[in-house]
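A.B. asks: what follows is a predicted structure for the sequence shown.
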Amino acid sequence: GEDVEQSLFLSVREGDSSVINCTYTDSSSTYLYWYKQEPGAGLQLLTYIFSNMDMKQDQRLTVLLNKKDKHLSLRIADTQTGDSAIYFCAESETGANNLFFGTGTRLTVIP
Amino acid sequence: DAGITQSPRHKVTETGTPVTLRCHQTENHRYMYWYRQDPGHGLRLIHYSYGVKDTDKGEVSDGYSVSRSKTEDFLLTLESATSSQTSVYFCATAGTGETYEQYFGPGTRLTVT
């Protein structure tokens, strides 16, 4: 399968911005997603970006895509304690199948 | 949420026994998926379905089989469970929208002793 890499842990103070990074190897990636997983729950889609886009903003979330470096990031502005969760990036060439996930980044928000 | 339920939510079974996990969806989504989640590996695709009776293998399909006899249900079977199949199993569905975003069920925690 394709390699999708994420750092395992990130801690930030409440109110600060969080930046979660992801790198992938598949140059054919067309669809890139960010999912959030809270304890004991399934994954919830946060946002997505197409490979022909550089940036997407959705309220407190900003996704940046550097296709040349195969680097994806998720910025969460004004991070709250409710943002504490595991965040997964995922990529797909076709969208309908073969979704490859990173290992997840556990975000801890310190009050 | 796409109205996805999984059953059972928790199961403990012994090595060598068959196990079937069920995924049920109410959204009439065409695509359904089974993943397993293990520490350090993220989620890995086991099998997926692109329609009734149409299935294909994913990245880690060995030891697993699936069936989809109707749109709503996607079954995952471990023919003879092994301890390496202890994991959390997630079902997901996707429609045919522009982004094919997948919606996940709550997961089934399976322990094979």
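C.D. replies: Nice, thanks for sending it over.

A.B. asks: surely residue B:51 meets residue B:32?
C.D. replies: No: judged on CB atoms under 8 Å, residue B:51 makes no contact with residue B:32 at a distance of 9.4 Å. Where you see a C-beta, it was placed from the backbone N, CA and C, and this is true even at glycine.

A.B. asks: between the two, who's got more neighbours?
C.D. replies: More crowded of residue B:51 and residue B:32, by other CB atoms under 10 Å in any protein chain shown: residue B:32, with 27 against 11.

A.B. asks: shared neighbours, residue B:51 and residue B:32?
C.D. replies: Common neighbours of residue B:51 and residue B:32, using CB atoms under 8 Å, 6 or more residues apart in numbering or on different chains, are residue B:68.

A.B. asks: so how far is chain A from the residue nearest to the spatial centre of chain B?
C.D. replies: Nearest residue to the geometric centre of chain B (CA atoms, centre = their mean): residue B:34, 2.7 Å. Distance, residue B:34 to chain A, using CB to the nearest CB, to the nearest Å: 12 Å.

A.B. asks: contacts only, for residue A:19.
C.D. replies: A:73-76.

A.B. asks: could you check how far residue A:16 is from chain B?
C.D. replies: Residue A:16 is 26 Å from chain B, by CB to the nearest CB.

A.B. asks: is it correct that that residue falls within a helix?
C.D. replies: No: using DSSP: H, G, I helix; E, B strand; the rest coil, the assignment for residue A:16 is coil, not a helix.

A.B. asks: is it true that it touches residue A:76?
C.D. replies: No: Residue A:16 is beyond contact range of residue A:76, at 9.4 Å (criterion: CB under 8 Å).

A.B. asks: neighbour count: these two, which is higher?
C.D. replies: Each of residue A:16 and residue A:76 has its neighbours counted (other CB under 10 Å); residue A:76 has more, 23 against 14.

A.B. asks: so that one sits against residue A:61, correct?
C.D. replies: Yes: counting by CB under 8 Å, residue A:76 touches residue A:61, with 6.1 Å between them.

A.B. asks: count the neighbours of the residue nearest to residue B:113 when sequence neighbours are not counted for me.
C.D. replies: Nearest non-adjacent residue to residue B:113, counting by CB to CB, 6 or more residues apart in numbering or on different chains: residue B:14, 5.7 Å away. By other CB under 10 Å, the residues close to residue B:14 number 10.

A.B. asks: can the helix or strand of chain A with the lowest mean pLDDT be found next to chain B?
C.D. replies: Within chain A, judged by mean pLDDT, DSSP states H and E, the helix or strand with the poorest mean is strand A:100-101; its value is a mean of 88. Yes: under the criterion of CB under 8 Å from any CB of the partner chain, strand A:100-101 makes contact with chain B via A:100-101.

A.B. asks: partner strands of that strand and their direction?
C.D. replies: According to DSSP bridges, strand A:100-101 has the following sheet partners: strand A:85-92 (antiparallel).

A.B. asks: what's the distance between the residue lying farthest from the centre of chain B and residue B:80?
C.D. replies: Distance from the centre of chain B peaks at residue B:98, with 23.2 Å (CA atoms, centre = their mean). Applying CB to CB, to the nearest Å, the value for residue B:98 to residue B:80 is 41 Å.
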